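**Student:** quick one, what's the 3D model for this:
(one chain, ligands or ions: 1)
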Amino acid sequence: MVEAIDKATGAMSSAELAGGQHSRATVGDFTAADPRMVCRDVDVWYGSKQAIHGVSLDIGKNEVVSMIGPSGCGKSTFLRSLNRMNDTIVGCRVTGSIQLDGQEIYDKGLDPVPLRARVGMVFQKPNPFPKSIYENVAYGPRIHGLTNNKAELDELVEASLQKAGLWNEVKDRLDQPGTGLSGGQQQRLCIARTIAVSPEVILMDEPCSALDPIATAIVEELIDELRQNFSIAIVTHSMQQAARVSQRTAYFHLGDLIEVGETNHIFTNPQHKLTEDYITGRFG
Ligand SMILES: Nc1ncnc2c1ncn2[C@@H]1O[C@H](COP(=O)(O)OP(=O)(O)OP(=O)(O)O)[C@@H](O)[C@H]1O
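**Tutor:** From the prediction side, this is the model:
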């Protein structure tokens, strides 16, 4: 989708200003060839304050989409709307359409608990349960009834820890507390916990911001491997990280999705002035 020339300056039109809104057309193609999630005209409000303005974006199968932009631009708000985490915030309202495999996730009849297994989330700060390493991973499959017996559960715990690249480090101490692991290991344990319930999409909100550079590199490598099986949307403050892990990048500004496109394109040849200003460090 190509926007009008005057939009490329980032300036608001007089009509937008008069209406008190500033929903800007997105530069670039916000669709994915093989979409898993399809978001159209999504608005998010906190009470009377609008945090997201008419955002349309697909998350494709087997791709990593990164969401970047200055602090407060709405990246986390948009990410949280993808598995209805915003439902837990009083006064938060989401309108528009968000579909997962063709199903509206905000349909009244849809239970958000199984939805959050299908669209899992990894947070900024590793947050293992105060339970053993084994129990951290086994908890989800058990409450969702995904296995029939202990042997199957053991197998699923091992497979999830393998996929999260943690098995070799923890296989001899599965009964020890998850909170006793290093920060990077804890984050991989949280990823194993998310994977264990077979999600289709994994949302990551600055998953490496609490990690040192070595742990960050391990998690970034893992994100690339996870792409084989899952769709991933990641919020990051690090443009280097977005460039390393994602195939597509979405640039947000004041609640608008300004530009989206192939990651190397966004970083080498941004079309919108606001994107260019941000990636060249002029603001943000
Ligand atoms: N629970 C909330 N209640 C009211 N307003 C909120 C709430 N959470 C976020 N906001 C507001 O919504 C806007 C977008 O915030 P959000 O946290 O989504 O931005 P962000 O781009 O993820 O920021 P950061 O990079 O600093 O984490 C901001 O103006 C913020 O103050």
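**Student:** any weak-confidence spans in the chain?
**Tutor:** Across the chain, the ranges flagged by pLDDT under 70 are 1-23, 283-284.
**Student:** and if we set it to 50?
**Tutor:** The model of the chain has pLDDT under 50 over residues 1-20.
**Student:** show me where it has its strands.
**Tutor:** Remark: strands assigned in the chain by DSSP state E are 35-46, 49-60, 64-68, 92-100, 103-104, 119-122, 201-205, 231-235, 248-253, 256-262.
**Student:** show me what from the stretch 101-250 of the chain comes close to the ligand.
**Tutor:** Counting by C-beta under 6 Å from any ligand atom, the stretch 101-250 of the chain comes close to the ligand at no residue. In short, each C-beta sits where N, CA and C put it, glycine included.
**Student:** helices of the stretch 101-250 of the chain, start to end?
**Tutor:** Remark: helices assigned in the stretch 101-250 of the chain by DSSP state H, counting those that start in this stretch are 112-118, 133-143, 150-163, 167-170, 183-195, 213-226, 239-245.
**Student:** any idea which of those is most buried?
**Tutor:** helix 183-195 (a mean of 24; mean count of other C-beta atoms under 10 Å).
**Student:** so what secondary structure elements neighbour it?
**Tutor:** When contacts are defined as 3 or more C-beta pairs under 8 Å, 6 or more residues apart in numbering; DSSP states H and E, helix 183-195 packs onto strand 119-122, helix 133-143, helix 150-163, helix 167-170, strand 201-205, helix 213-226.
**Student:** columns distance to A33 on top of the ones you listed, output as CSV?
**Tutor:** Conversion of the helices and strands packed on helix 183-195 to CSV gives the following (distance: least, C-beta to C-beta, whole Å):
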stretch, distance to A33
strand 119-122, 20
helix 133-143, 31
helix 150-163, 25
helix 167-170, 33
strand 201-205, 16
helix 213-226, 19
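**Student:** can you redo the helices of the stretch 101-250 of the chain as JSON lines, where the extra columns are distance to Q124?
**Tutor:** Below are the helices of the stretch 101-250 of the chain laid out as JSON lines (distance: least, C-beta to C-beta, whole Å):
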{"stretch": "helix 112-118", "distance to Q124": "17"}
{"stretch": "helix 133-143", "distance to Q124": "18"}
{"stretch": "helix 150-163", "distance to Q124": "21"}
{"stretch": "helix 167-170", "distance to Q124": "22"}
{"stretch": "helix 183-195", "distance to Q124": "10"}
{"stretch": "helix 213-226", "distance to Q124": "12"}
{"stretch": "helix 239-245", "distance to Q124": "13"}
